[in-house]
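Visitor: A predicted structure for the sequence below; I have some questions about it.
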Amino acid sequence: MGRETSDAPSGALPGVSYVMPVLNDVTHVRAAVDSLLDQDYEGPFDVAIAVGPSIDGTNELVEELSRADARVKVIDNLVGSTPAGLNIAIRATSNPIIVRVDAHSVLPRDYTRIAVEAILRTGAGNVGGIMDARGTSVFEDAVAAAYGSRVGLGGTPHHVGGEEGPADTVYLGVFRRDVLADVGLFDERIKRGQDWELNRRIRAGGHTVWFTPKLRVVYRPRPTLSRLARQFFSTGMWRGELSRRFPSRNTLRYFVPPLMVIGVTAGTLLGIGGIVQAAIGVVPWLLAAFAVPAFYALTVLLAAVGMPGPISARARLWLLVVLPCIHFCWGIGFIPGYLLLASNIAAQKYEKGNDTRVNPQS
């Protein structure tokens, strides 16, 4: 399980550093920072925002937040990626507890207190909970419902909940700095899935990743279909890369979306071939292939109609589009990722970066 840790005097709460990478997030970052400053944790803390070269006013906003509160510091993230920003922010802080924050997330007031209590109680290297997706529009409501369903993202504990205990990975994470020093920081060559990969190293290093459903973080989904599609194509591509690089028993479930894409596409094309057969007077036996896309369409329809929770009728209609968008974009992205394209692209960008990057194992 690891050992209890604190650099604070006996009886005192350990200091906490919130680390947040930000890039073109002017809409959400103020609420995210406000939720950190409003925590009921009584120990000392600071906030490090690693801001990438944004074009929507994010840089100006975070500078304003820093001027308003001396505990908020802003560091330039010239690379612009999430893992690079996290590493820059971690290196710019010194407290023994590191809270990883996303610009799209809003922490409940008791988040840090509960997480630090869990670390001191279990000695875990990382503690995290549930990504509680909540929308602010009908479209975002549909995306949030998909996130929290087994049909949408597969039903992992950090999306749908579960019992407290050791886990493969958790949402965001509250880390012991000494554990990160032991296993290394985030791997900057991995643009998505870097949390899972770091948690893999934490577990391989003999430390515990601890899940507790008491930690629920509000997450704001992507507001448009195009941004959702880009998000899940990139996520699928990097999941393919990680599945190829680190195969395990749990890897098999990641092949379901790409197999679905292949099956639905092949079934549709073969079915069209059946229409051609009928048109030229041949027995249209290929029409039977339409059963595959029909089954998938029925699955999506039943999932949208039967989605639990207080979801509006309009949001359920959006689910008919959102669910296939998630499934197909993730599945299509997985294929080139598994075929090494993700790592090749990342390696090229990594070589063109600047000297602010760090070795993840340093």
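Guide: Done, it's in.

Visitor: okay, CA-based contacts and neighbour counts for the rest of this
Guide: Noted.

Visitor: surely residue 323 meets residue 146?
Guide: Yes: taking contacts as CA atoms under 8 Å, residue 323 lies within contact range of residue 146: 6.6 Å.

Visitor: overlap in contacts, those two.
Guide: residue 152 (CA atoms under 8 Å, 6 or more residues apart in numbering).

Visitor: helices of the stretch 251-362 of the chain, start to end?
Guide: 256-279, 291-306, 313-338, 341-352 (DSSP state H, counting those that start in this stretch).

Visitor: which among those helices is found nearest to residue 72?
Guide: helix 341-352 (28.7 Å; CA to CA).

Visitor: just the pLDDT at residue 154, thanks.
Guide: Here the pLDDT value assigned to residue 154 is 61.

Visitor: give the partner strands of whichever strand or helix holds residue 48 in its sheet and their orientations.
Guide: Secondary structure from DSSP states H and E places residue 48 in strand 45-51. As defined by DSSP bridges, the strand partners of strand 45-51 come to strand 16-22 (parallel), strand 72-76 (parallel).

Visitor: residue 101 against residue 18, yeah?
Guide: Yes: between residue 101 and residue 18 a contact is recorded at 6.6 Å, counting by CA under 8 Å.

Visitor: which neighbours do the two share?
Guide: With CA under 8 Å, 6+ apart, residue 101 and residue 18 have no common neighbours.

Visitor: start to end distance for stretch 45-63?
Guide: 19 Å (CA to CA, to the nearest Å).

Visitor: from the chain's centroid, how far away is it?
Guide: Its chain's average C-alpha position is 20 Å from that of stretch 45-63, according to CA atoms, centre = their mean, to the nearest Å.

Visitor: stretch 69-78 too?
Guide: Per CA atoms, centre = their mean, the centroid offset for stretch 69-78 relative to its chain is 23 Å.

Visitor: convert that stretch to PDB, retaining C-alpha atoms only.
Guide: In PDB, the C-alpha atoms belonging to stretch 69-78 read as follows (Å, rounded to 0.1, in the frame of the first residue of the first chain):
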ATOM      1  CA  ASP A  69      -4.700  36.200  -5.600                       C
ATOM      2  CA  ALA A  70      -1.000  35.800  -4.800                       C
ATOM      3  CA  ARG A  71      -1.400  32.000  -4.300                       C
ATOM      4  CA  VAL A  72      -2.100  31.600  -8.100                       C
ATOM      5  CA  LYS A  73       1.100  31.500 -10.200                       C
ATOM      6  CA  VAL A  74       1.200  31.400 -14.000                       C
ATOM      7  CA  ILE A  75       3.900  29.600 -16.000                       C
ATOM      8  CA  ASP A  76       4.300  29.500 -19.700                       C
ATOM      9  CA  ASN A  77       3.800  26.200 -21.400                       C
ATOM     10  CA  LEU A  78       5.500  26.800 -24.800                       C
END
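
Visitor: residue 87: which of the strands paired with strand 45-51 is closest?
Guide: strand 16-22 (8.8 Å).

Visitor: and the closest one, C-alpha only, in CSV?
Guide: Below are the C-alpha coordinates for strand 16-22, written out as CSV (Å, rounded to 0.1, in the frame of the first residue of the first chain):
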residue,chain,number,x,y,z
VAL,A,16,-1.0,21.0,-1.4
SER,A,17,-0.1,22.3,-4.9
TYR,A,18,-2.9,22.4,-7.6
VAL,A,19,-1.4,21.9,-11.1
MET,A,20,-3.5,22.9,-14.1
PRO,A,21,-2.6,22.9,-17.8
VAL,A,22,-4.6,25.4,-19.8
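
Visitor: contacting residues around residue 137?
Guide: By CA under 8 Å, 6+ apart, the neighbours of residue 137 are residue 223.

Visitor: in terms of pLDDT, where does it sit?
Guide: 93.

Visitor: cool, residue 292 as well?
Guide: Looking at residue 292, its pLDDT reads 96.

Visitor: run a quick neighbour tally on it.
Guide: Around residue 292 there are 18 other residues, counting by other CA atoms under 10 Å.

Visitor: likewise for residue 226?
Guide: Using other CA under 10 Å, residue 226 has 10 other residues around it.

Visitor: and the host helix or strand of it, what's its mean pLDDT?
Guide: Using DSSP H and E, residue 226 sits within helix 225-245. On average, the pLDDT along helix 225-245 is 90.

Visitor: between that helix and helix 256-279, how many degrees?
Guide: 110 degrees (axes from the mean of the first three to the mean of the last three CA atoms, to 10 degrees).

Visitor: for helix 225-245, packing partners?
Guide: Applying 3 or more CA pairs under 8 Å, 6 or more residues apart in numbering; DSSP states H and E, we find helix 225-245 packed against helix 313-338, helix 341-352.

Visitor: mean pLDDT lowest for which of those?
Guide: In terms of average pLDDT, helix 341-352 trails the rest of the helices and strands packed on helix 225-245, at a mean of 51.

Visitor: which stretches of the stretch 101-250 of the chain form helices?
Guide: Counting by DSSP H, counting those that start in this stretch, the helices of the stretch 101-250 of the chain are 111-122, 138-147, 150-153, 157-160, 177-183, 194-204, 225-245.
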